[in-house]
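Q: Here's my sequence, what's the structure:
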Amino acid sequence: MTKAALKKKLHEYIDLSDEKILKAVYTILESNIAVSEPAVEYTPAQLKELNKRRKDHLSGKTKSYTLEEVKKYAVSKLKK
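A: I've put the predicted structure just below:
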């Protein structure tokens, strides 16, 4: 089913639904949206710093590490 067809079908179901079903659909959609929102609100200074670090990372100015590299490093430090 295409996205457009799915939306159309959902609209039809919602239009025919009683209040209990509407509340259930609303709750499902609302909880899905809430998960998508950032859990933290950043200050303008924090956003500026994050954007600077992202720019440095993307330009290759700073080094980044894979999860495997970080794990290997952490394990080596724990063994000492």
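
Q: drop to CA atoms for contacts and neighbour counts, all remaining ones
A: OK.

Q: Following element in sequence after the helix or strand bottoming out on mean pLDDT in the chain, please.
A: Sorted by mean pLDDT, DSSP states H and E, the helices and strands of the chain end with helix 19-36, the least confident at a mean of 79. Counting by DSSP states H and E, the next helix or strand C-terminal to helix 19-36 is helix 44-59.

Q: Show me what that next one is packed against.
A: The helices and strands touching helix 44-59, judged by 3 or more Cα pairs under 8 Å, 6 or more residues apart in numbering; DSSP states H and E, number zero.

Q: Now do the least confident helix or strand of the chain: everything it contacts.
A: Helix 19-36 is contacted from outside by residue 14, using Cα atoms under 8 Å, 6 or more residues apart in numbering.

Q: Now with 10 Å, please.
A: The contact list for helix 19-36 (Cα atoms under 10 Å, 6 or more residues apart in numbering) reads 13-17.

Q: Could you single out the nearest of these to residue 41?
A: Nearest to residue 41 among the contacts of helix 19-36: residue 14, at 33.6 Å, using Cα to Cα.

Q: on contacts alone, who are the packing partners of whichever strand or helix holds the closest one?
A: Per DSSP H and E, residue 14 falls inside helix 3-16. Where contact means 3 or more Cα pairs under 10 Å, 6 or more residues apart in numbering; DSSP states H and E, helix 3-16 is packed against helix 19-36.

Q: From the chain's centroid, how far away is the helix it packs on?
A: Helix 19-36 sits 18 Å away from the centroid of its parent chain (Cα atoms, centre = their mean, to the nearest Å).

Q: ok, back up a step: from the contacts of helix 19-36, pick the one nearest residue 4.
A: residue 13 (14.4 Å).

Q: Can you report how many residues lie near the closest one?
A: For residue 13, the neighbour count with other Cα atoms under 10 Å is 13.

Q: show me the contacts for it.
A: Contacts of residue 13 by Cα under 10 Å, 6+ apart are 7, 21-22.

Q: distance of it from residue 31?
A: Separation of residue 13 from residue 31 (Cα to Cα, to the nearest Å) stands at 20 Å.

Q: No more questions from me, cheers.
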